[in-house]
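Asker: need coordinates for the following:
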Amino acid sequence: VPLNFPKYSLRIKSRENKPLVFDPIRKKYVLLTPEEWVRQHCLQFLITGKGYPAGLTLIERQLMVEGLEKRMDIAVCHPDGSILLLVECKAPSVTINQAVFDQIARYNWKARAGYLMVTNGLEHYFCQMDYTEKRYTFLKDLPAYDEL
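Answerer: Below is the predicted model of the structure:
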């Protein structure tokens, strides 16, 4: 499925008739699902396109939210380990709606990221959080890492 990201060269192979894609953060091949297709393009967008450091990027890390284990799709950390950017990826067939925003908001209650991104590969939404004023601002684009 063509996505609304620049074209990136992903390493894809097949094993037991299942497509796999190489994840440069986890340093291994993972099953190529529609959501993974979006996640890998989003990773390239962040690292190659926006200059976010691969060494500060986490994939599918566990997060405890209200006593439940959840997984963050992508998180980019500050050097001190706090979360700078939290990303929720959905398959292209998933509509970005209030439920998706509610999901990332629940995760961010714990993560307290400065920026949020929600994408299904076709539509992208970016927010900057303001914890002092207890509000968020939608952005037209995600700032590059060196602009933060």
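Asker: and the helix of greatest length in the chain, what's buried?
Answerer: Longest helix in the chain by number of residues, with DSSP state H as the criterion: helix 98-111. Within helix 98-111, the residues that count as buried by 16 or more other Cβ atoms under 10 Å are 100, 101, 104, 107, 108, 111. Yep, even glycine has a C-beta here, placed from its N, CA and C like the rest.
Asker: contacting residues for the last one?
Answerer: In other words, residue 111. 63, 72, 75, 83, 86 (Cβ atoms under 8 Å, 6 or more residues apart in numbering).
Asker: whichever of these end up buried, select them in PyMOL.
Answerer: Command for PyMOL that selects the buried part of the contacts of residue 111, burial taken from 16+ other Cβ under 10 Å:
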select buried, resi 63+72+75+83+86
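Asker: same list, the contacts of residue 111, but as a markdown table with distance to residue 96 please.
Answerer: A markdown table is the format used below for the contacts of residue 111 (distance: Cβ to Cβ, whole Å):
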| residue | distance to residue 96 |
| --- | --- |
| 63 | 21 |
| 72 | 17 |
| 75 | 19 |
| 83 | 21 |
| 86 | 15 |
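Asker: hmm, back to that, looking at the buried residues of helix 98-111, which is nearest residue 38?
Answerer: For these, the minimum distance to residue 38 (Cβ to Cβ) is 12.5 Å, reached by residue 100.
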